[in-house]
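*Asks:* Below are the sequence and a predicted model; questions follow.
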Amino acid sequence: MHLRQYNRDNKRSTPQVSSDYEHQEEKKIYQTENTGRSRTKILILDLTSKFCSLKPPNVKTFSNTPLQQCICEYCANISLKIKTLKYKIKSFPENKYETVNKTLCPKPNGALYHKRECIYRDCSSCGVSMLNELVNQVCDEKCTLTWYKWDTITRKDGTKITSKKGLKCLTGSGSELIAELKKELTELSIHLFVATWQHRQFSHITSNLQPQMVVMVLDFGQNYTCFYQDEAQSAHWSAEQVTVHPSICYYKCKTCSETVKEDIANEHLIQKRGLTIDHHIQFSDGCAGQYKSKNAFEGIADIGSEFECTVERNFFGSRHGKGPSDACTGVVKSAVTRAVKARQALVTCPEEMFKFCTENLTKDCSTDESCIHNLRTFILITDIDRKIEMSAKTVQGTRKVHAVKSGNIPKLILTRQLSCFCASCLNGEEDCENYQYTDLSTAETFEELKVITDHYSVEINNIQEPCPLPNISLTDLPVFIDADALQMIPNDIPEGNFMPVVVKGDGNCLLRSAAVLAYGNEEAQRIQSSNNT
């Protein structure tokens with residue numbers, strides 16, 4: 001029996017089967033009854049209109065329910081808890097941003113952000129305890145709540161134990177839910193602040209580009225899996241993959257003052273576009289296996305010396321690294337997929353994909369030399385040198401670092417917790433306009449202290465002698481360059497091995513300063529009481 005006839009006879013409804021049949025039947029009846037009349041607009045009844053007008057607002061049609069993937073795990077867990085609490089507390093904040101704001105002091109007048117001490121939970125006037133009055137209702141009630149959480153799920157298959165991320169359904173009291181929410185909100189204020197700050201810095205620098213400056217967004221896209229239309233069964237399990245790596249570049253147009261957006265690499269900009277690059281700014285996500293590893297950091301200094309320019313790599317907030325490069329990957333892969341499905345192309349290897357993209361997706365300068373500010377170029381890389389010797393050491397606190405810059409000394413870099421592209425930072429000056437939120441570059445060795453002095457563009461004589469204690473680690477100590485004292489060194493201190501630092505201590509700063517001078521470590525001191533003192 002035909003499926004449509006079966007559905008009609010049994011009064012059942014399947015998606016887009018019986019509804020189409022009923023529409024056709026109603027159209028025939030309407031046309032039969034109106035035969036011979038003047039031309040009228042045929043109205044086909046929409047059987048779903050009444051349902052749409054009466055359906056609850058939380059019921060969505062399939063077309064209005066997009067598939068959301070690759071979202072931030074930390075933000076998702078907060079949103080899932082907020083969704084559960086909204087059923088019990090109608091006045092609870094709607095989303096994660098409103099919830100975090102409830103735990104912070106009000107923003108200063110005209111400020112974009114809350115105070116730094118509030119964001120980093122160092123303020124004594126605010127905190128997650130500000131939610132107590134709002135959630136007392138749930139804590140006092142002896143009820144059982146159910147919520148979901150993204151967590152590690154462990155499964156045991158015989159002697160083999162496997163772990164992976166999955167969505168767990170948890171059940172507990174209101175107090176347990178609130179305690180877990182408060183714990184996550186403590187770190188979420190910093191998490192959201194860093195994500196918002198980095199994205200705004202990216203928007204700021206791409207909107208205020210300077211001549212001879214290039215801003216690039218780098219990221220590895222998900223590999224494209226080659227396939228066939230009308231594919232044989234045996235070919236399904238031997239598909240070849242193509243690595244897609246978009247590089248979105250922003251630079252000033254040489255003809256006009258507009259910003260050019262192009263999908264190309266740095267060497268292509270210099271050789272093909274004829275650009276002169278003095279400052280190279282990169283943005284990427286914080287994947288530790290890609291652009292945020294120790295070997296990638298070592299490559300920053302090498303790139304700067306190779307192209308004779310300063311290189312600065314910045315990272316979007318953790319789990320918030322989606323940007324224009326992901327959109328570019330989607331455009332390329334979807335275009336190739338559509339062509340293969342429509343039997344317009346045969347893409348079975350990287351070379352064929354490169355040929356198709358070059359012929360169909362390339363956007364280059366027009367022949368009439370008019371300005372085109374959205375360009376797209378494809379580059380095929382077949383030979384990769386994977387035997388490069390790397391001798392880099394791990395940078396302590398890499399997860400908190402969101403800006404890395406090449407220095408004037410080979411194999412050394414400068415790091416900052418947050419990016420900043422104010423006028424002072426772009427010109428290499430020390431007076432950062434956002435000093436309330438950004439930090440000065442800290443040093444891990446005395447050799448790196450010299451690099452920081454170059455960062456502030458201060459001329460210091462007689463400091464190129466080897467440091468007597470080159471391997472002292474100052475990673476966990478609050479030692480910073482004293483910028484004001486740098487200019488006094490040549491005249492006041494005849495020795496070239498000393499560097500001015502700021503010692504952040506209590507009333508015993510004299511001993512701490514002497515410890516830094518003698519041992520390079522401000523903790524190498526001890527206060528001993530004496531009856532004669």
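*Replies:* Happy to help now that I have it.
*Asks:* Quick check: phi and psi on residue 403?
*Replies:* phi -150, psi 130 (degrees, to the nearest 10).
*Asks:* One more: residue 173?
*Replies:* Torsion angles, degrees, to the nearest 10, at residue 173: phi -80, psi 170.
*Asks:* for the protein, what spans make up the strands?
*Replies:* Along the chain, counting by DSSP state E, strands occupy 144-157, 160-173, 213-218, 224-225, 241-242, 247-252, 259-263, 279-284, 310-315, 374-376, 403-406, 413-416, 479-481, 501-503.
*Asks:* Now stretch 236-256: buried residues?
*Replies:* 242, 244, 246-252 (16 or more other CB atoms under 10 Å). In short, each C-beta sits where N, CA and C put it, glycine included.
*Asks:* got it, and stretch 209-228?
*Replies:* 209, 213-221, 224, 226-227.
*Asks:* Quick check: mean pLDDT of that stretch?
*Replies:* On average, the pLDDT along stretch 209-228 is 91.
*Asks:* nearest to residue 63, of the strands of the chain?
*Replies:* Proximity to residue 63, assessed across the strands of the chain by CB to CB, is greatest for strand 160-173 (24.2 Å).
*Asks:* which outside residues touch that closest one?
*Replies:* Strand 160-173 is contacted from outside by 73, 142-156, using CB atoms under 8 Å, 6 or more residues apart in numbering.
*Asks:* swap in stretch 332-339?
*Replies:* 221-222, 224, 244, 246, 345, 347, 353, 356-357, 360-361.
*Asks:* cool, and stretch 280-296?
*Replies:* Contacts of stretch 280-296 (CB under 8 Å, 6+ apart): 202, 205, 213-220, 266, 303-304, 307, 309-318, 321-323, 390, 392-395, 398-399, 401-402, 421.
*Asks:* Now the terminal residues of it, how far apart.
*Replies:* Distance between the boundary residues of stretch 280-296 (CA to CA, to the nearest Å) amounts to 15 Å.
*Asks:* List the buried residues of that stretch.
*Replies:* Buried residues in stretch 280-296, counting neighbours by 16+ other CB under 10 Å, are found at 280-286, 291-293, 296.
*Asks:* can you give me the mean pLDDT across it?
*Replies:* Stretch 280-296 comes out at a mean pLDDT of 87.
*Asks:* Which helix runs longest in this structure?
*Replies:* helix 174-207 (DSSP state H).
*Asks:* Report the separation between residue 333 and residue 225.
*Replies:* Per CB to CB, to the nearest Å, residue 333 is found 9 Å from residue 225.
*Asks:* Got the confidence number for residue 18?
*Replies:* pLDDT, read off for residue 18, is 43.
*Asks:* circling back: elements contacting the longest helix of the chain?
*Replies:* Counting contacts by 3 or more CB pairs under 8 Å, 6 or more residues apart in numbering; DSSP states H and E, helix 174-207 is packed against helix 73-88, helix 96-102, helix 116-119, helix 132-140, strand 144-157, strand 213-218, strand 310-315.
*Asks:* the inter-axis angle of it versus strand 213-218?
*Replies:* Using axes from the mean of the first three to the mean of the last three CA atoms, to 10 degrees, the direction of helix 174-207 lies 140 degrees away from that of strand 213-218.
*Asks:* Name the residues that touch stretch 99-115?
*Replies:* 78, 82, 92-93, 118-119, 123, 125-128, 130-131, 134, 185, 188-189, 192-193, 196-197, 200, 436-437.
*Asks:* give me that answer again for 6 Å
*Replies:* By CB atoms under 6 Å, 6 or more residues apart in numbering, the surrounding residues in contact with stretch 99-115 are 93, 118, 125-126, 128, 130, 185, 188-189.
*Asks:* Next, the buried residues of that stretch.
*Replies:* Quick answer for stretch 99-115 (16+ other CB under 10 Å): 99-100, 103-105, 113-115.
*Asks:* what do you get for stretch 292-308?
*Replies:* Counting neighbours by 16+ other CB under 10 Å, the buried set in stretch 292-308 is 292-293, 296-301, 303-304, 307.
*Asks:* Arrange those residues in a markdown table, one row each, with distance to residue 59 as further columns.
*Replies:* Formatted as a markdown table, the buried residues of stretch 292-308 follow (distance: CB to CB, whole Å):
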| residue | distance to residue 59 |
| --- | --- |
| 292 | 43 |
| 293 | 46 |
| 296 | 47 |
| 297 | 50 |
| 298 | 55 |
| 299 | 52 |
| 300 | 52 |
| 301 | 57 |
| 303 | 54 |
| 304 | 56 |
| 307 | 57 |
